[in-house]
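Peer 1: next comes the sequence, and after it the predicted model I'd like to discuss.
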Amino acid sequence: MTPENLKYTEEHEWVSHTGDNRVRIGITDYAQEQLGDVVYVQLPELGAQVDAGAPAGEVESTKSVSEIYAPLSGEVTAVNDALDEQPDLINSDPYGEGWIFELTVDDPDSIDGLLDAEAYQAINKE
């Protein structure tokens with residue numbers, strides 16, 4: 001399942017445009033399947049400045065630890081505290097309750113440079 005209304009990165013993050021300069025970020029269904037059961041999420045710090053492509057947190061599963069990369073540059077304005085108690089929300093609802101953090105982006109037009117659903121699906125078939 002790859003929702004058409006989201007944007008994606010090659011590192012398997014999804015991005016939802018939630019307001020003027022705001023986006024919500026999580027990992028894709030494909031990524032959570034590859035990870036297996038998520039047991040811990042290291043969330044970015046509220047107020048932190050993150051750069052596109054730089055690590056912003058980590059997801060730990062029974063199989064491995066994977067970094068979460070910031071898909072865009074901006075300030076972390078919200079984190080999903082529910083993941084502290086229920087990290088498995090990433091497995092059960094990666095595009096909904098399993099979101100990870102929100103950014104106020106430095107350049108709102110930068111979201112246009114991310115992959116659409118069709119392009120994201122194509123890289124996963126390779």
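Peer 2: That came in fine, so what should we check first?

Peer 1: check which helices and strands the host helix or strand of Thr104 sits against.
Peer 2: The secondary structure element spanning Thr104 is strand 101-105 (assigned by DSSP states H and E). Other helices and strands packing on strand 101-105, by 3 or more CB pairs under 8 Å, 6 or more residues apart in numbering; DSSP states H and E, are strand 22-27, strand 74-79. Where C-beta positions appear, they are placed from N, C-alpha and C, glycine not excepted.

Peer 1: which one of those strands lies closest to Leu115?
Peer 2: Taking CB to CB as the measure, the helices and strands packed on strand 101-105 were each checked against Leu115, and strand 22-27 came out nearest at 13.8 Å.

Peer 1: in the helix or strand following that closest one, what's buried?
Peer 2: In the C-terminal direction, the helix or strand that comes right after strand 22-27 (DSSP H and E) is helix 29-35. By neighbour count with 16 or more other CB atoms under 10 Å, helix 29-35 contains the buried residues 29-32, 35.

Peer 1: show me the contact partners of helix 29-35.
Peer 2: For helix 29-35, the surrounding residues in contact (CB atoms under 8 Å, 6 or more residues apart in numbering) are 1-2, 12-13, 27, 38, 59, 61, 63-64, 66, 90-91, 94-95, 98, 124.

Peer 1: let's see which of those residues end up in helices.
Peer 2: Applying DSSP state H to the contacts of helix 29-35, the entries found in helices are 90-91, 124.

Peer 1: which among these count as buried?
Peer 2: 90-91.
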